[in-house]
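Undergrad: A predicted structure for the sequence below; I have some questions about it.
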Amino acid sequence: MVAGSSLISRWLFPVIAALAAVCVTAGPMQSTSWAQDEAAEPAAAEPAAAAPAADGAAATDDTAEAPKKLDALTWTMTALSYYFFIFLLISVIFVALFVMNLLNARRDNVVPLHLVESFEACLEENKVQDAYDLAKEDDTFLGKVLSAGLEKVSLGYDKALEAMQEVGEEENMKLDHRLSYLALIGSLSPMIGLFGTVDGMIRAFSVIALGGSTPNPAELANGISTALMTTLVGLAIAIPAIASYSILRNRVDRLALEVGITSEGLMSRFQTVGRK
């Protein structure tokens, strides 16, 4: 028994000592791992908490810096600035002049068919005074030319033609004078647009010059939009103005030529007056 107990003691104490050494070694390692886990959990929690805060801040910045949406008309008025009212006035004047010249260039206001037929009927019946009264009462281009010719027909046919030509040139000049305002608008609108272009570019470059290394993009865009929009609107008014002037000018010239041919044809029966 003594030998057996000594044998057990001989093996038991080393085993107990080994287990104690393992426990002593494992204790600090486990506490160190627990400490690392506890330190890692707050570190992981901090980015998780910082992420919503960053998202909230970004959302707040996006909401604060979100640009206001403008409709097309408001943006156009803002880009044109005070040029909007200038172009609006020019547009109203252009429309009024176009309608007025279009009405003046109608055939009924220049070479009315009823006057030609009535005047010719009076001359065929040898009612010269009635023909003169008919032409005098008519306020058209042809009526004024015929009445001027009949006033001078007693002095001879040549004098009557001269009087008709003078009145015809005067009436033609009046029509051209009204049409010239359309040409004026066609020439003036691009010049105003060019002035606005220079003004807008000066504004844009002043923003760059005064803004330092980081100019305000919104102010820079305002100057450029003013430069481009004034050019666009100026051309948009000038193109139809020049086109309408050319079309109406050709029509007036054609009607004036028709007045000359018609009046000479009606007065041709007085060619023998004043000649021997």
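TA: Yep, that arrived.
Undergrad: Any idea how many residues pack against Ala227?
TA: 22 (other CB atoms under 10 Å). In short, each C-beta sits where N, CA and C put it, glycine included.
Undergrad: What helix or strand is it located in?
TA: Assignment of secondary structure by DSSP states H and E places Ala227 within helix 217-267.
Undergrad: quick check, distance from that helix to the centre of its chain.
TA: Chain-centre distance of helix 217-267: 16 Å, with CA atoms, centre = their mean, to the nearest Å.
Undergrad: Averaged pLDDT, that helix. What do you get?
TA: For helix 217-267, the mean per-residue pLDDT is 91.
Undergrad: ok, and the closest non-adjacent residue to Ala105?
TA: Spatial nearest neighbour of Ala105, excluding adjacent residues (CB to CB, 6 or more residues apart in numbering): Arg251 at 5.0 Å.
Undergrad: cool, and Ser91?
TA: Ile237 (6.0 Å).
Undergrad: need the contact list for the one you found.
TA: By CB atoms under 8 Å, 6 or more residues apart in numbering, Ile237 lies in contact with Phe87, Ile90, Ser91, Phe94, Ile185, Ser189.
Undergrad: what comes up buried for the host helix or strand of Asp130?
TA: With elements delineated by DSSP H and E, Asp130 resides in helix 128-137, which encompasses its position. Residues of helix 128-137 classed as buried under the neighbour-count rule (16 or more other CB atoms under 10 Å) are Ala131, Tyr132, Leu134, Ala135.
Undergrad: now do stretch 135-155
TA: For stretch 135-155, a neighbour-count test (16+ other CB under 10 Å) marks 135, 138, 140-153 as buried.
Undergrad: do the same with stretch 81-94
TA: If you call a residue buried by 16+ other CB under 10 Å, then stretch 81-94 has these buried ones: Ser81, Tyr83, Phe84, Ile86, Phe87, Ile90, Ser91, Ile93, Phe94.
Undergrad: ok, so of those, who is nearest Thr231?
TA: Tyr83 (10.4 Å; CB to CB).
Undergrad: Flag the shaky bits of the stretch 51-200 of the chain, pLDDT-wise.
TA: Low-confidence segments of the stretch 51-200 of the chain, defined by pLDDT under 70, span residues 51-70.
Undergrad: one more time with 50, if that's ok
TA: 51-64 (pLDDT under 50).
Undergrad: where along it do the helices fall?
TA: Using DSSP state H, counting those that start in this stretch, the helices found in the stretch 51-200 of the chain span residues 72-80, 83-104, 107-110, 113-124, 128-137, 141-152, 157-210.
Undergrad: from the middle of its chain, how far away would the third one be?
TA: Relative to the chain's own centre, helix 107-110 is displaced by 36 Å; criterion: CA atoms, centre = their mean.
Undergrad: who touches it?
TA: With CB under 8 Å, 6+ apart as the test, helix 107-110 has contacts from Leu103, Asn104, Leu113, Thr140, Phe141, Leu142, Val252, Leu255, Ala256, Glu258, Val259.
Undergrad: Would you mind measuring from the residue nearest to the fifth one when sequence neighbours are not counted to Thr197?
TA: Once its chain neighbours are removed from consideration, Phe141 has its nearest residue in Val110; the separation is 4.5 Å (CB to CB, 6+ apart). Val110 is 41 Å from Thr197, where distance means CB to CB, to the nearest Å.
Undergrad: now do Glu117
TA: Summarising the geometry, the distance separating Glu117 from Thr197, computed by CB to CB, is 56 Å.
Undergrad: Tell me which residues of stretch 217-226 come out buried.
TA: Of the residues in stretch 217-226, those scored as buried under the neighbour-count criterion (16+ other CB under 10 Å) are Leu220, Asn222, Gly223, Ile224, Ser225, Thr226.
Undergrad: Dihedrals phi and psi, Pro215?
TA: Main-chain dihedrals, Pro215, degrees, to the nearest 10: phi -70, psi 160.
Undergrad: Quick check: the gap between the residue nearest to the spatial centre of the chain and Ala105.
TA: Using CA atoms, centre = their mean, the residue of the chain that lies closest to the mean C-alpha position is Val233, 3.8 Å off. Using CB to CB, we find Val233 at a distance of 27 Å from Ala105.
Undergrad: How about Pro240?
TA: 16 Å.
Undergrad: Of these two, which one has the most company?
TA: Ala105 (20 against 17).
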